[in-house]
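>>> attaching a predicted model along with its sequence, questions to come.
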Amino acid sequence: MASMLEFRTAGFNPYAVKYSPYYDSRIAVASAANYGIVGNGRLFCLGLGPQGVQVEKTYDTNDAQYDLAWSEINENQLLIACGDGSIKLYDVNVNDFPVMNFHEHKREAYSVAWSPVTKDTFASSSWDGTIKIWSPTRTESLRTLPVGNCTYSTSYCPSNPNIISAVSTDSHLRIFDLRTPVSAQYHLTAKIPVHKPPSVPMPPGVSPPIMPAEILTHDWNKYREPVIATGGVDRVIRTFDIRNPNSGPVSIMMGHDYAVRRLAWSPHSADILLSASYDMTVRLWTDGSTMAADESSPPVKPGLQLGIMNRHTEFVTGVDWCLFGVGGWVATVGEGVDTVRGLPITAGI
């Protein structure tokens, strides 16, 4: 059995974990007291070393913390999304207080993402039904993208800084292009109904639900730029090619027993992704894109579960890949007492 590191966020339930894009030995965890229902939040900056997982810094907030993102321009800074609607920027060289505070959302800020290309903006999404684009140097947002219903997750296209995606309670994946005129539906260029029945035959034995359900998470493929994976309440992982928004899913992965809470494509392989679920498991998948195909292959590829990690004892709420190393380490967080785990993908899988 491969080695595994573990850390307990005593008194706080984690909601998100992210590896530093600069160091393979540093991760951060956003958390909340009392399962995010009421009470404070705590940001943990953790170092991974010979002695295991060590706390480098903690920052407390007056409300729950639901997501975080490392800065793409400063190795010591990171953002957190808070239950009071604020986004706070912390610097690990500055004690106690954020160096910037951004507060325009009217309800819980649930997702935050830093632009990986131009690196000069970040995006946030909220239960108030909006996405906001920000500069880290000013407290007023640069623009607001209306979604109209609770928006759980937003992200930048990894290759084009003008394209932003979001998923929400209305069972749709939205694509915004900031280059379009604002008068043209506020930059909305595609609205993909995730649960729409596919127009092509399903793989044998695959029959996903077609009733609309909340989409909780999504992620862009790092190697195939137009491909996005989605997951949510109906327990199904689907991938879509945004160049063909009306064609339905490209692949379908089924196996989770409860809602899919987080997805993360591998930074090391084009067909591999991880999922975290309320069924207390983390699962490793291939979307089937690298499998040999022939004339009898179904148009919608059946993804394949490659492994499962079931060492969490409560809902698994976060998962992230380390950018460094061969094969790849991952970190996962769950709401139980054994909250933060770091392991190579060969451990427990």
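Cool, the structure landed.
>>> tell me what the helix or strand that contains residue 320 is packed against?
Taking DSSP states H and E as the definition, residue 320 sits inside strand 316-321. Other helices and strands packing on strand 316-321, by 3 or more Cβ pairs under 8 Å, 6 or more residues apart in numbering; DSSP states H and E, are strand 13-19, strand 260-265, strand 272-277, strand 329-334. For every residue, glycine as well, the C-beta is placed using N, CA and C.
>>> closest to residue 117 out of the ones you listed?
strand 260-265 (16.6 Å; Cβ to Cβ).
>>> keeping just the C-alphas, turn that closest one into PDB.
Taking only C-alpha atoms (Å, rounded to 0.1, in the frame of the first residue of the first chain), the coordinates of strand 260-265 have been written out as PDB:
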ATOM      1  CA  VAL A 260     -21.200  14.300  -7.100                       C
ATOM      2  CA  ARG A 261     -19.800  17.300  -5.200                       C
ATOM      3  CA  ARG A 262     -16.500  18.000  -7.000                       C
ATOM      4  CA  LEU A 263     -14.700  17.100 -10.200                       C
ATOM      5  CA  ALA A 264     -11.100  17.600 -11.200                       C
ATOM      6  CA  TRP A 265      -9.500  16.700 -14.600                       C
END
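>>> can you check what angle separates it from strand 329-334?
For strand 260-265 against strand 329-334, the angle by axes from the mean of the first three to the mean of the last three Cα atoms, to 10 degrees is 170 degrees.
>>> show the average pLDDT along strand 260-265.
Averaging pLDDT along strand 260-265 gives 98.
>>> within the sheet, what are the partner strands of it, with directions?
Under the criterion DSSP bridges, strand 260-265 sits next to strand 272-277 (antiparallel) in its sheet.
>>> and the angle from the partner strand to strand 13-19?
An angle of 170 degrees separates the directions of strand 272-277 and strand 13-19 when computed by the same axes, to 10 degrees.
>>> heading C-terminal from strand 272-277, find the next helix or strand.
Read in the C-terminal direction, the helix or strand following strand 272-277 is strand 282-286, with elements assigned using DSSP H and E.
>>> helices or strands next to that next one in the packing?
Other helices and strands packing on strand 282-286, by 3+ Cβ pairs under 8 Å, 6+ apart, are strand 272-277, strand 304-309.
>>> which residues in the stretch 101-250 of the chain form strands?
Listed in chain order, the strands of the stretch 101-250 of the chain (DSSP state E, counting those that start in this stretch) span 109-114, 122-126, 130-134, 143-146, 151-156, 163-168, 172-177, 188-193, 215-220, 227-232, 237-241.
>>> okay, angle between the third one and strand 172-177 too, please.
Put simply, strand 130-134 runs at 30 degrees to strand 172-177, going by the same axes, to 10 degrees.
>>> how far does strand 130-134 sit from the chain's center?
With Cα atoms, centre = their mean, to the nearest Å as the basis, strand 130-134 stands 16 Å off its chain's centre.
>>> kindly report the same for the fourth one.
In terms of Cα atoms, centre = their mean, the centre of strand 143-146 is found 20 Å from the chain centre.
>>> neighbouring strands of that strand in the sheet, and parallel or not?
strand 130-134 (antiparallel).
>>> what's the strand it pairs with in contact with?
Contacts of strand 130-134 from elsewhere in the structure, counted by Cβ atoms under 8 Å, 6 or more residues apart in numbering, are 87, 102, 104-105, 121-126, 141-147, 151, 154, 164, 166, 176, 178.
>>> could I get the buried residue list for that strand?
Of the residues in strand 130-134, those scored as buried under the neighbour-count criterion (16 or more other Cβ atoms under 10 Å) are 130, 131, 132, 133, 134.
>>> do stretch 61-79 as well
61, 63-72, 74, 76-79.
>>> what's the average pLDDT for the helix or strand that contains residue 252?
Assigned by DSSP H and E, residue 252 belongs to strand 251-253. What strand 251-253 shows for mean pLDDT is 95.
>>> what lies in contact with it?
With contact meaning Cβ under 8 Å, 6+ apart, strand 251-253 is reached by 202-203, 206, 208, 236-239, 275, 285, 287-289, 300-305.
>>> could you redo the last one with a cut-off of 10 Å?
198, 202-203, 206-208, 227, 229, 231, 235-241, 260, 263, 271, 273, 275, 283, 285-289, 298, 300-305 (Cβ atoms under 10 Å, 6 or more residues apart in numbering).
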